[in-house]
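# No sequence on hand, only this structure:
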């Protein structure tokens, strides 16, 4: 292993720092509401952005090499972290963020090897799944989750979108058990922002290659 073969990894890690600054800024301002986490929460969010994104960028470079796929992985990492942070803090997903995701989805999905038909089917599957979930479990799934499902389904494509839904359910169930039974910070009837589980499940599906 020489510098000629790994030069892109430290470069991506460096690019992750300004990306983290931007994501932290947008997480505070994009939703138009004042931050509710307080000083300690602000510090944790900043650490998540300034440490997490450089690591994620470098990991993408390590997995996919100096290719357009590594750039798309960095874009997804930024989008997923921003979506998760805003939903955790404000329990909402800005429409502007989903629109940006949907507008860029044809390009990023193509780089990931997903056809336009697969992208459309994936979007319909996840949109329909969360729409039905909102109707069945009233209040548990919000309008923003339904719209986000369309974006996540588009970038995972068919049939991988179904695998993403399965992983999302597993992550949500495991996190709920920890929050209720281990940490005891939530009750069984308490609602938890769902977007973080959705982006984690999607990321795992994209990484798995299933």
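Arrived safely. These numbers come from a predicted model, not from an experiment.

# helices and strands around the host helix or strand of residue 121, which ones?
Using DSSP states H and E, residue 121 maps to helix 116-136. Helices and strands touching helix 116-136, by 3 or more Cβ pairs under 8 Å, 6 or more residues apart in numbering; DSSP states H and E, are helix 95-111, helix 143-156, helix 160-177. (C-beta placed from N, C-alpha, C; glycine too.)

# Centre of the chain to that helix, how far?
Distance of helix 116-136 from its chain centroid, counting by Cα atoms, centre = their mean, to the nearest Å, is 17 Å.

# quick one: average pLDDT of that helix?
Mean pLDDT, helix 116-136: 93.

# ok, and what's touching it?
Here helix 116-136 makes contact (Cβ atoms under 8 Å, 6 or more residues apart in numbering) with 105-106, 109-110, 114, 140-143, 145-158, 160-162, 164-165.

# Spatially central, which residue of the chain would that be?
For the chain, the residue nearest the mean C-alpha position is residue 80 (2.5 Å; Cα atoms, centre = their mean).

# Please verify my assumption that it contacts residue 195.
No. Residue 80 lies out of contact with residue 195 (Cβ atoms under 8 Å); the separation is 9.0 Å.

# Common neighbours of those two, please.
Joint contacts of residue 80 and residue 195 (Cβ under 8 Å, 6+ apart) do not exist.

# No further queries at this time; thank you.
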